[in-house]
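Asks: have a look at this prediction, sequence included:
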Amino acid sequence: MGKLSKFFCTALALTFLAPEYVYAQTPAKKLFGNRPLPAALKPAAHGFYTKGCLSGGVAIPVDGPNWQAMRLSRNRRWGHPELIGIIEKLSYKAKKDGWNGLLVGDISQPRGGPMLTGHRSHQMGLDADLWLTPMPDKRMTYKERENTSAISVLKNGTNFVDQSRWTRSHTMLLYHAASFPQIERVLVHPGIKKQLCDTVKGNRKWLSKIRPTWGHHYHFHLRMGCPSGSPDCKRQNATPTKTGCSDGSLDWWFNVEFAPKKKPAKPVKKKPRRELTVSDLPNACQLVLNANAPTLEAATHKPIAAAFVAPEIKLPKYSAANVLRGKPIEASKSKGTPVSSLNASQSAAGFNYVPQGPIPIPTLRPFVQ
């Protein structure tokens, strides 16, 4: 039986069982992943980044003056209102320093919780993935947002930044992202961290928030701290105060983690990770899961530029099946759809953004605290 068939057979069987049994036996990702709209409750983050949920979430608009949301079929443009506001403000700050606009990747599901695919974190609406290439010079169609493939900012075959792609505006984008006091970490590939350590002059304190981790060479990851009004939100470890440039931590990445490793004599069989159920999450998450939902219009963030009007994109009805069979978010062998193929002549009136190379998409990654 195929993956989708098993998914729907399980969903059908669960409709005839008691709610208590359903919650005890069903992976939480199937329950939270089937909620197309948020919980109409007071905004709050419950639990931890890898084991929690979100109430009162809001959606970043599909289009804003300085951003476009990507992979719309995933329905992961939801977050705590404070985080969505930060993303909007970041788009304006970065624009002043030459960044043409944000391409917004995964934030969270409408009610947070474990996701149907990918991501161990992003469960409380406090994490957001933003691409490392600015918007193209047009408003992309729904199909283009689904099909554009990721392109790394690293030099092919290395763990170092491709200098032909990196610009001052990349550096300033990360600087502005780290400048928000609510943002505790900005996760990037170690090669990007090294690039910043080698090139940033003057004020370097903000580099302490730039933390190296796996996979983040297509995008960077904003992580906000626990917001007010979230008493059961578990805080992460305190952000280091040192820049992380000369304490040897980067040496470990390049000399140990990325060093060639001998293959074991026998393949190591990894034990499958147990799926989280609702009972593993904070008690508030059951209330979040069962709460009434507002309308999409009422739950969508209202941009600062209230008069901004973008070309309309008709969103298909949300389907968990579409998420399960969605295309990978990064290119494995091909370079994906280059920005130049997005016909500039079709640009919406008033939006003349200049593309700078191919557009990457957020990659999956392991848990990072």
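Replies: In hand now; what should we look at? None of the values given here were measured: they were computed from a predicted structure. Numbers count the residues shown, from 1 in each chain.
Asks: show me the shaky parts of the protein.
Replies: Within the chain, the segments meeting pLDDT under 70 span 1-24, 150, 329-369.
Asks: you'd agree residue 222 is up against residue 83?
Replies: Yes: with contacts counted by CB atoms under 8 Å, residue 222 reaches residue 83, the gap being 7.4 Å. Where you see a C-beta, it was placed from the backbone N, CA and C, and this is true even at glycine.
Asks: check which element follows the longest helix belonging to the chain along the chain.
Replies: Identified as the longest helix of the chain according to DSSP state H is helix 81-96. Counting by DSSP states H and E, the next helix or strand C-terminal to helix 81-96 is strand 102-104.
Asks: helices or strands next to that following strand in the packing?
Replies: Contact analysis of strand 102-104 by 3 or more CB pairs under 8 Å, 6 or more residues apart in numbering; DSSP states H and E lists strand 67-69, helix 81-96, strand 127-131 as its packing neighbours.
Asks: which positions in stretch 166-175 come out as buried?
Replies: 166, 169-175 (16 or more other CB atoms under 10 Å).
Asks: can you tell me which of these is nearest residue 305?
Replies: The shortest approach to residue 305 among those belongs to residue 173, at 19.6 Å (CB to CB).
Asks: packing partners of the helix or strand hosting that closest one?
Replies: Per DSSP H and E: residue 173 is located in helix 168-179. With contacts taken as 3+ CB pairs under 8 Å, 6+ apart, helix 168-179 sits against helix 81-96, strand 183-188, helix 190-199, strand 219-224.
Asks: now that helix - C-alpha only, CSV.
Replies: The C-alpha trace of helix 168-179 is given here as CSV (Å, rounded to 0.1, in the frame of the first residue of the first chain):
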residue,chain,number,x,y,z
ARG,A,168,27.6,43.3,1.2
SER,A,169,23.8,43.1,1.2
HIS,A,170,24.0,39.4,2.3
THR,A,171,26.1,40.5,5.3
MET,A,172,23.8,43.4,6.1
LEU,A,173,20.7,41.2,5.9
LEU,A,174,22.2,38.9,8.6
TYR,A,175,23.3,41.9,10.6
HIS,A,176,19.7,43.3,10.6
ALA,A,177,18.3,39.9,11.4
ALA,A,178,20.5,39.6,14.5
SER,A,179,19.8,43.2,15.6
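Asks: now do it and strand 127-131, the angle between them.
Replies: Orientation note: helix 168-179 sits at an angle of 170 degrees relative to strand 127-131 (axes from the mean of the first three to the mean of the last three CA atoms, to 10 degrees).
Asks: contacts for helix 168-179, please.
Replies: 90, 93-94, 97-99, 130, 132, 134, 153, 183, 186, 188, 192, 196, 199-200, 206-207, 209-210, 220, 222 (CB atoms under 8 Å, 6 or more residues apart in numbering).
Asks: again, only using 7 Å
Replies: Applying CB atoms under 7 Å, 6 or more residues apart in numbering, the contact partners of helix 168-179 are 90, 93-94, 97-99, 132, 183, 186, 196, 199-200, 206, 209-210, 220, 222.
Asks: quick revisit: any chance of the buried residues of stretch 166-175 in CSV, with distance to residue 308 too?
Replies: Output for the buried residues of stretch 166-175, formatted as CSV (distance: CB to CB, whole Å):
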residue, distance to residue 308
166, 30
169, 22
170, 25
171, 27
172, 23
173, 21
174, 25
175, 25
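Asks: list the buried ones in the longest helix of the chain?
Replies: 82-88, 90-91, 93-95.
Asks: what do you get for stretch 216-233?
Replies: Those would be 216-227, 230, 233, for stretch 216-233 by 16+ other CB under 10 Å.
Asks: switch the helices and strands packed on helix 168-179 over to JSON lines; also include distance to residue 36.
Replies: Shown next, in JSON lines, are the helices and strands packed on helix 168-179 (distance: least, CB to CB, whole Å):
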{"stretch": "helix 81-96", "distance to residue 36": "18"}
{"stretch": "strand 183-188", "distance to residue 36": "28"}
{"stretch": "helix 190-199", "distance to residue 36": "35"}
{"stretch": "strand 219-224", "distance to residue 36": "24"}
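Asks: out of those, nearest to residue 241?
Replies: Closest among those, using CB to CB: strand 183-188, at 12.2 Å.
Asks: helices or strands up against that closest one?
Replies: helix 168-179, strand 210-212, strand 219-224 (3 or more CB pairs under 7 Å, 6 or more residues apart in numbering; DSSP states H and E).
Asks: keeping just the C-alphas, turn that strand into PDB.
Replies: Below are the C-alpha coordinates for strand 183-188, written out as PDB (Å, rounded to 0.1, in the frame of the first residue of the first chain):
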ATOM      1  CA  ILE A 183      15.900  37.100  18.000                       C
ATOM      2  CA  GLU A 184      18.200  34.900  20.000                       C
ATOM      3  CA  ARG A 185      19.800  33.000  17.200                       C
ATOM      4  CA  VAL A 186      20.400  33.200  13.500                       C
ATOM      5  CA  LEU A 187      21.400  29.800  12.200                       C
ATOM      6  CA  VAL A 188      23.700  29.500   9.100                       C
END
